[in-house]
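Visitor: Model the following, please.
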Amino acid sequence: AEKRLGGLLGPAAAMRSPAWGPHLHRWGAAFPDAPLLPEGRAVVPSARVAFCGDFVEGGEGRGGSVEGAALSGLRLAKALQREIGGLCGAD
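Guide: As a prediction, the model looks like this:
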């Protein structure tokens with residue numbers, strides 16, 4: 001069948017399989033080899049700096065993952081809300 005149809009399809013027949021293959025990317029931080037930053041050290045008020053991300057340990061065992069990064073960001077957002085609320089006199 002391919003022999004008979006090959007002439008009908010012309011150049012399109014040569015393009016039926018892509019010249020590239022599936023490209024997979026493994027997130028480099030998915031398996032951290034260094035200890036994660038303890039959550040208690042993620043906020044440094046004296047330096048006016050805070051950290052969040054997959055490298056911050058949140059206690060739920062999800063460090064080094066996209067979910068861990070998102071949860072870390074949410075925890076930091078809540079901490080900043082409390083801090084700013086305390087500065088403004090609001091709860």
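Visitor: how about the strands of this structure, start to end?
Guide: Secondary structure of the chain (DSSP state E): strands at 37-38, 43-44, 49-50, 56-57.
Visitor: ranking the ones you listed by burial, who's on top?
Guide: strand 56-57 (a mean of 22; mean count of other CB atoms under 10 Å). To be clear about C-beta, it is placed using only N, CA and C from the backbone, and glycine gets the same treatment.
Visitor: Which parts of this structure are helices?
Guide: For the chain, the helices defined by DSSP state H cover 2-9, 11-14, 66-88.
Visitor: which helices and strands sit right next to the longest one?
Guide: Okay, so that is helix 66-88. strand 49-50 (3 or more CB pairs under 8 Å, 6 or more residues apart in numbering; DSSP states H and E).
Visitor: which outside residues touch the strand it packs on?
Guide: Residues outside strand 49-50 that contact it (CB atoms under 8 Å, 6 or more residues apart in numbering) are 42-44, 76, 79-80.
Visitor: could I get these as TSV with pLDDT and distance to residue 58?
Guide: Below are the contacts of strand 49-50 laid out as TSV (pLDDT from 0 to 100; distance: CB to CB, whole Å):
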residue	pLDDT	distance to residue 58
42	91	9
43	89	13
44	90	17
76	93	10
79	87	12
80	87	16
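Visitor: Quick check: residue 48 vs residue 72, distance?
Guide: 19 Å (CB to CB, to the nearest Å).
Visitor: quick one, which of these two is more surrounded?
Guide: residue 72 (25 against 7; other CB atoms under 10 Å).
Visitor: Am I right that the more buried one is in contact with residue 43?
Guide: No. Counting by CB atoms under 8 Å, residue 72 does not reach residue 43; the two are 11.4 Å apart.
Visitor: For the protein, name the helix or strand with the lowest mean pLDDT.
Guide: helix 11-14 (a mean of 57; mean pLDDT, DSSP states H and E).
Visitor: Give me the buried stretch members for stretch 55-69, please.
Guide: 55-58, 62-65, 68-69 (16 or more other CB atoms under 10 Å).
Visitor: okay if I get those residues as a markdown table plus distance to residue 34?
Guide: Formatted as a markdown table, the buried residues of stretch 55-69 follow (distance: CB to CB, whole Å):
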| residue | distance to residue 34 |
| --- | --- |
| 55 | 8 |
| 56 | 12 |
| 57 | 11 |
| 58 | 16 |
| 62 | 16 |
| 63 | 11 |
| 64 | 10 |
| 65 | 15 |
| 68 | 14 |
| 69 | 16 |
